[in-house]
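Student: Quick one: sequence plus predicted model below, questions after.
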Amino acid sequence: MSLSARPRTTVGCALLVIALCAGVTACGADGDPLSARPYDADPEVAFNAPTETGEKADPDKPLEVTAEDSDGRLTDVTAVDTSGRYVAGELSADGSRWHSTAPLAADTRYTVRVSTEDDDGAPGRKVLTFHTGRPKGKARQNVDVLFTPRSGLYGVGQPVVAQLSVPVKDKGQRAVVERALKVDSTPRVDGSWFWVNDKELHYRPKDYWPAHATVQVHSNLAGMRISDRLWGGKAAPLKLTTGDRIVAVTDAAAHSLTVYKNDRPINQIPITTGRPGFETRNGIKVILEKQRQVRMRGITIGIEEGTSDSYDLPVYYASRITWSGEYVHAAPWSVGSQGSENVSHGCVGMSTANAEWFFNTVHEGDVVQVVNSNGHQMEPFGNGFGDWNVTWDKWRSGSALQDGAPESPRPEDTARLRPTPV
């Protein structure tokens, strides 16, 4: 039986509406075929997963929906699980077939909503459900995800980090993982993941996060097949909020640090940076942590104890910007050089009063940018967050997805394929 021959409920109208394309269409109360009540398209839709009670679909196999009659076509298919995860899919140009392009999750219930159109333009609908089982005969290892930092308030330079419990090396497998790691911000900005290594990914936008933004991070990987032996594991969601846009520009040649709040300068502080042989790194850094007092020793940066360069000091109002030991901190011993000479071992030193003000003004995730130093360039990874020193094009190339963008639009961003009234 053809799609157009299926019994359906329609409301007659006094006038026939002649379609611009040729032919006469059935019409609803307002003369639009779409206003007719959808008929049950069950006999015209084929589905490759079992829907009988107790039977389960193989999550290793793609989901497929087809139109069984040449007189009709599929116009829309959505498949979503109980946690709200949509299955990416592709609809053929002629509307005869839809198939999933992303893996199904194991041990999961799915609801599939199918929309059809017959040759008169009348809509049909079919909703069905099915469950996936577990892969058989395969030893499986779960890939758990830990998102950092902890939920809380951060500066606009704070990257999101995803740490995997199991290394993932293959690019195709990485794409499955990356596609399932979701970062949404309000206001919305485009961003991308970067694979730092087999077990760590960083996420950042092209520019810093907007001020006073909310960033929601979660994983849809649970139950997903990554490879024959790797499956998605657990992950706790993460929520970050950003404060004002704080950027501290440290000019090593001018011996001055200027703090900008939402792009307006609010303070200029005389400083000293690294002297010859201990030059402060150039580039963009992110505040990693703040400590009111920290013990600083020369041996931690390779200075032999007992030499003329050796030191062991309590330091106050210390804002850390590299794991190797660069801080912005109080340096009362060098006040006479601050604003005129670089005499530190690599840190940014200032008076105690200025350091206290800086300490109370900034948050973790705020930006410290060093310019005009003779030091090396800040490392992109491994010594703090040098992520912002990577160009956007290079950053996107570090994604397992094309150009760092999802391979298909999110369902909420996609206009569904539906018959267009004429």
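Tutor: Structure received.

Student: Now do the nearest residue to W357 once chain neighbours are set aside: how many residues are near it, please.
Tutor: Distances taken as Cβ to Cβ, 6 or more residues apart in numbering put N267 closest to W357, at 7.0 Å, once the chain neighbours are dropped. To be clear about C-beta, it is placed using only N, CA and C from the backbone, and glycine gets the same treatment. Applying other Cβ atoms under 10 Å, we find 14 residues neighbouring N267.

Student: Rounded mean pLDDT for the helix or strand where N267 lies, please.
Tutor: Taking DSSP states H and E as the definition, N267 sits inside strand 264-270. For strand 264-270, the mean per-residue pLDDT is 98.

Student: Check which residues of it are buried.
Tutor: By neighbour count on 16 or more other Cβ atoms under 10 Å, the buried set for strand 264-270 is I269, P270.

Student: Next: stretch 389-397.
Tutor: N389, V390, W395, R396.

Student: so the third one sits in a helix?
Tutor: Yes. Per DSSP: H, G, I helix; E, B strand; the rest coil, W395 lies within a helix segment.

Student: Per-residue pLDDT of it, please?
Tutor: 98.

Student: OK, contacts around K290?
Tutor: Applying Cβ atoms under 8 Å, 6 or more residues apart in numbering, we find K290 in contact with A318, S319, R320, F359, V362, E364.

Student: Can you tell me the SS state at the residue nearest to R174 when sequence neighbours are not counted?
Tutor: With sequence-adjacent residues excluded and distances taken as Cβ to Cβ, 6+ apart, R174 is closest to A400, at 3.7 Å. At A400 the chain is in coil, as set by three-state DSSP.

Student: quick one, phi/psi of V217?
Tutor: The phi and psi values for V217, taken as degrees, to the nearest 10, are phi -130, psi 130.

Student: how about the nearest residue to it, chain neighbours excluded?
Tutor: L238 (4.1 Å).

Student: Then D198?
Tutor: P167 (3.7 Å).

Student: For that neighbour, which three-state class applies?
Tutor: Going by three-state DSSP: P167 is coil.

Student: number of nearby residues for it?
Tutor: Neighbours of P167 using other Cβ under 10 Å come to 11.

Student: shift numbering so it begins at 7
Tutor: In the new numbering, first residue 7, that becomes P173.

Student: Hmm, it is touching L207, no?
Tutor: No. The criterion here is Cβ atoms under 8 Å, and P173 misses it with L207 at 12.0 Å.

Student: for F364, what are its contacts?
Tutor: Applying Cβ under 8 Å, 6+ apart, the residues near F364 are A254, L263, V265, I275, Y323, S325, V334, M356.

Student: one more time with 7 Å
Tutor: By Cβ atoms under 7 Å, 6 or more residues apart in numbering, the contact set of F364 is S325, V334.

Student: Now the one helix or strand it maps to - C-alpha only, CSV.
Tutor: According to DSSP H and E, F364 maps onto helix 358-367. The C-alpha coordinates for helix 358-367 follow below in CSV (Å, rounded to 0.1, in the frame of the first residue of the first chain):
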residue,chain,number,x,y,z
THR,A,358,53.8,44.5,49.6
ALA,A,359,50.9,47.0,49.4
ASN,A,360,50.7,46.6,45.6
ALA,A,361,50.9,42.8,45.9
GLU,A,362,48.1,42.8,48.4
TRP,A,363,45.9,44.8,46.1
PHE,A,364,46.7,42.6,43.1
PHE,A,365,46.1,39.4,45.2
ASN,A,366,42.7,40.7,46.3
THR,A,367,41.7,41.8,42.8
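
Student: Parallel or antiparallel, which strands does whatever helix or strand comes next after it pair with?
Tutor: Going down the chain from helix 358-367, the next helix or strand is strand 373-377, by DSSP H and E. Strand pairing for strand 373-377, using DSSP bridges, gives strand 252-257 (parallel), strand 289-292 (antiparallel).

Student: Can you tell me how far G95 is from R185?
Tutor: Distance, G95 to R185, using Cβ to Cβ, to the nearest Å: 13 Å.

Student: Tell me the bridge partners for the spatially most central residue of the chain.
Tutor: With distances taken as Cα atoms, centre = their mean, the residue of the chain nearest its centroid is V189 (3.3 Å). V189 forms beta bridges with V223, as assigned by DSSP bridges.

Student: okay but it is in contact with P165, surely?
Tutor: No. Using Cβ atoms under 7 Å as the test, V189 is too far from P165 to be in contact (10.4 Å).

Student: Overlap of the contact sets of the two?
Tutor: Common neighbours of V189 and P165 (Cβ under 7 Å, 6+ apart) are Y209.

Student: what are the phi and psi angles of T220?
Tutor: Main-chain dihedrals, T220, degrees, to the nearest 10: phi -120, psi 130.

Student: count of residues packed around it?
Tutor: 14.

Student: Would you list the phi and psi of the closest residue to it other than its chain neighbours?
Tutor: Of all residues not flanking T220 in the chain, T192 sits nearest, at 4.8 Å (Cβ to Cβ, 6+ apart). The phi/psi pair for T192 (degrees, to the nearest 10) reads phi -130, psi 110.
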